[in-house]
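>>> give the three-dimensional model of this entry:
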Amino acid sequence: MQLTVLDWTVFFGYFALLALVGWSVNRRKAGSSNDYFLAANSMPVWVVAVSVLATSQSAATFLGGPDMGFRGNLSYLATNIGALIATFIVIKFLLPRYYQLKVTTVYELLEQRFGASAKDHAGKMYLFGRIFASGARLYMAAIAVAMLLFNNIQASSVLAAIALLAVIGLACTVAGGIRSVIYTDALQCAVYVLAALLVLGYLYYSINVDFATLVQALQQPVEGGTSKLLLFDWRFDVSSGGVFNMWSALTGFILLNIAAFGLDQDMTQRVLTCKDSKAGARALLSSALMVIPTMLVFILIGFLLYIFYQRPDLYQPAQSFADSFAGEKVTVFMYYVLNEMPSGLRGLVVVGVIAAALSTITSGLNSMSSVLVADMYKPWKLKRDASTSEQHFVRAGQFGMLGTAITLSLMAVLCFYWQQYSDMPLLAFALSVMVFSYSGLLGVFFTALFSKRGNRYSVTAALLSGFAVTLVLQPYILQHLSPTLAALDLGFTWQLCIGTVIATLVCLAGKASSTAAVKEE
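Model (predicted):
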């Protein structure tokens, strides 16, 4: 596959539009750290909602979403019931507290309850997880970009793609802070959703099978099994193959989304840029609702790819699906783009992958910088010089974003070389590491919100135990511990449930700190 002149025209047109939006937003310079990290609580609800949607998606979603439709059914959509329940819990119990305390990061709530060290340790747990998770997603996006732009996955191409994504992400957001992130996120979201819709339309047109026949084919897969249109899967299955059933949606997915929407600075920071908690609640709920049709589009692409490649009785493709490119595993959508996509639309898909990747990278840069500066550097600096200007902390935030961009790039490079030269599953660890972090954070925040127990020591113990328990439950760890345990296949949602219960019990085991002790920290 080689990109044509039309593809490159689409490619450079996108970057021209991105530069224009970035220039327009960055004309207003941030005058304080609150402005840089929270946009002075002035962001419109609609743009925050779209930004949260963009942050929850990634290049992995853009390319992997159709794979869910190709191999599975609609049950993934039903997990959004858990997301909606989680949204109402965050709106009820967390957002009002954040706005009441006027926090810059969500971990400042823990400082009021348990002391400064609790905030510091929770922030470090977040940073540790985010470096691995966002770095791994940058690597995955870079692999896809290298395939699409350079038609190979040689080291030089992948490293160039990593650098391209990191530099563009930094350039779009470093000057204007979170305001730039949110507006560019909205643009990225519009671009990759448009690309997905056009691909869906082109696929439907090229297959040329009437709608009723398509529905019947999806209801009765040739390989047997359940209908691909199954939405609510009530089978009780706690294995990794059953993570999208309703039992999982009503347990682990609720916890996962409470953590993502309310405890993960990456996502929650956007909501805190609204005028007040009611506006933030509208933005969060709107985003949770918009995820459903967005994911449906990607799953429908997967359904049509299933007809395209797996139903020769209805459509005979030029070549069958092979799930690798130069030895690298690829999703069915990526294979289709590389081999079947027409000129022009292929360029838009390249742009869509980059847009989805950038929305993840830019959010990570600003949220990680906000934790570094607001939770760690600013308190330290003000203790030594109470007259330090706000402009100094804006500059610190910009350097923080530069530092995080370099760190995420190095993590992506590590993933690349680790995958090339080692059988150890670093990528599997990196992609799931935020779930490990969520277990401890959920335990600590549940203790803070719904009890009067816990102290700075039990907070630290809870964060570590939640992480450790979830890590130990991973297949690649179990197989090293015991051949018997290696057969235990527990879905990530159930791992999160177990980790959260244990972390909560550990945090509750600590006696409450006295008010004086908390103030002394």
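>>> run through who's touching stretch 64-82.
226-233, 244-246, 248-254, 256-257, 288, 291-292, 295-296, 298-303, 305-306, 309-310, 331-333 (CB atoms under 8 Å, 6 or more residues apart in numbering). C-beta coordinates here come from the backbone N, C-alpha and C atoms, glycine included.
>>> these in strands, which ones?
Applying DSSP state E to the contacts of stretch 64-82, no entry is found in strands.
>>> residues near residue 377, how many?
By other CB atoms under 10 Å, the residues close to residue 377 number 18.
>>> let me see the contact set for it.
Going by CB under 8 Å, 6+ apart, residue 377 touches 393, 396, 400.
>>> which SSE is residue 366 in?
In this assignment (DSSP states H and E), residue 366 forms part of helix 345-370.
>>> avg pLDDT for that helix?
Helix 345-370 carries an average pLDDT of 88.
>>> please point out which parts of that helix sit buried.
By neighbour count with 16 or more other CB atoms under 10 Å, helix 345-370 contains the buried residues 345-370.
>>> chain center to that helix, what's the gap?
Put simply, helix 345-370 sits 11 Å off its chain's centre (CA atoms, centre = their mean, to the nearest Å).
>>> kindly report the same for stretch 432-442.
On the basis of CA atoms, centre = their mean, stretch 432-442 sits 13 Å off its chain's mean C-alpha point.
>>> cool, stretch 468-482 as well?
How far stretch 468-482 lies from its chain's middle: 24 Å, per CA atoms, centre = their mean.
>>> how about it: buried residues?
468, 469, 470, 471, 473, 474, 478.
>>> show me where the stretch 101-250 of the chain has helices.
With helices called from DSSP state H, counting those that start in this stretch, the stretch 101-250 of the chain shows them at 108-114, 116-150, 155-173, 178-207, 211-219, 246-249.
>>> so which elements touch the shortest one?
Using 3 or more CB pairs under 8 Å, 6 or more residues apart in numbering; DSSP states H and E as the contact definition, the elements that helix 246-249 packs against are helix 80-89.
>>> now the helix it packs on: average pLDDT?
95.
>>> buried residues, it. List them.
So for helix 80-89, counting by 16+ other CB under 10 Å, buried means 80, 81, 82, 83, 84, 85, 86, 87, 89.
>>> report the contact partners of the fifth one.
For residue 84, the contacting residues are 288, 289, taking CB under 8 Å, 6+ apart as the criterion.
>>> how far away is it from residue 57?
According to CB to CB, to the nearest Å, residue 84 stands 17 Å off from residue 57.
>>> can you get me a residue count around the closest residue in space to residue 496 that isn't next to it in sequence?
Closest residue in space to residue 496, ignoring its immediate chain neighbours: residue 252 at 5.0 Å, by CB to CB, 6 or more residues apart in numbering. Neighbours of residue 252 under the rule other CB under 10 Å: 24.
>>> quick check: residue 252 vs residue 39, distance?
Taking CB to CB, one finds residue 252 at 33 Å from residue 39.
>>> and if you look at residue 218?
For residue 218 relative to residue 39 (CB to CB), the value is 44 Å.
>>> can you pull the contacts of the most centrally placed residue in the chain?
With distances taken as CA atoms, centre = their mean, residue 56 lies nearest the centre of the chain, 4.5 Å away. Residues in contact with residue 56 (CB under 8 Å, 6+ apart) are 260, 267, 287, 291.
>>> would you enumerate the residues in contact with residue 233?
Residue 233 makes contact with 73, 75, 78, 226, 242, 244, 245, 246 under the criterion CB under 8 Å, 6+ apart.
>>> one more: residue 166?
138, 361, 405, 406, 408, 409.
>>> which residues does the first one contact?
Right, the one you point to is residue 138. Listed by CB under 8 Å, 6+ apart, the contact set of residue 138 reads 162, 165, 166, 357, 360, 361, 408, 409, 411, 412.
>>> of all these, which comes closest to residue 24?
residue 361 (20.3 Å; CB to CB).
>>> quick check: that closest one touching residue 169?
Yes: taking contacts as CB atoms under 8 Å, residue 361 lies within contact range of residue 169: 3.9 Å.
>>> for these two, list the residues in contact with both.
Taking CB under 8 Å, 6+ apart as the criterion, residue 361 and residue 169 both touch residue 405.
>>> surely residue 287 is in contact with residue 54?
No: using CB under 8 Å, residue 287 makes no contact with residue 54, being 9.1 Å away.
>>> so those two - more neighbours on which side?
Using other CB under 10 Å as the criterion, residue 287 and residue 54 rank with residue 54 on top: 31 against 25.
>>> that one against residue 185, yeah?
Yes: with contacts counted by CB under 8 Å, residue 54 reaches residue 185, the gap being 4.1 Å.
>>> tell me, what's touching these two both at once?
359, 363.
>>> which one of the contacts of residue 377 is nearest residue 191?
residue 400 (27.1 Å).
>>> for that closest one, which non-adjacent residue is spatially closest?
Leaving aside its chain neighbours, residue 400 sits nearest to residue 369 (3.3 Å; criterion: CB to CB, 6+ apart).
>>> and stretch 465-476, C-alpha only, in PDB?
Extracted C-alpha coordinates of stretch 465-476, given in PDB (Å, rounded to 0.1, in the frame of the first residue of the first chain):
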ATOM      1  CA  SER A 465      -2.200  -3.800  48.200                       C
ATOM      2  CA  GLY A 466      -4.800  -3.000  45.500                       C
ATOM      3  CA  PHE A 467      -2.100  -2.800  42.900                       C
ATOM      4  CA  ALA A 468      -0.300  -6.000  44.100                       C
ATOM      5  CA  VAL A 469      -3.500  -8.100  44.300                       C
ATOM      6  CA  THR A 470      -4.600  -7.200  40.800                       C
ATOM      7  CA  LEU A 471      -1.100  -7.700  39.400                       C
ATOM      8  CA  VAL A 472      -0.800 -11.200  41.000                       C
ATOM      9  CA  LEU A 473      -4.100 -12.200  39.300                       C
ATOM     10  CA  GLN A 474      -2.600 -11.600  35.800                       C
ATOM     11  CA  PRO A 475      -2.100 -14.900  33.800                       C
ATOM     12  CA  TYR A 476       1.600 -14.100  33.100                       C
END
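>>> which residues are contacting that stretch?
125, 424-425, 428-429, 432, 435-443, 477-478, 481, 486, 488-490, 495-496, 498-500, 502-503, 506.
>>> likewise stretch 185-195?
By CB under 8 Å, 6+ apart, stretch 185-195 touches 14, 17-18, 21, 47, 50-51, 53-55, 57, 62, 270, 294, 297, 348-349, 351-353, 355-356, 358-359, 362-363.
>>> what residues sit buried inside it?
Buried, per 16+ other CB under 10 Å, within stretch 185-195: 185, 186, 187, 188, 189, 191, 192, 193, 195.
>>> mean confidence for that stretch?
91.
>>> how about stretch 391-408?
The pLDDT scores in stretch 391-408 average 92.
>>> who has more neighbours out of residue 218 and residue 39?
Using other CB under 10 Å, the more surrounded residue of residue 218 and residue 39 is residue 39, with 25 against 21.
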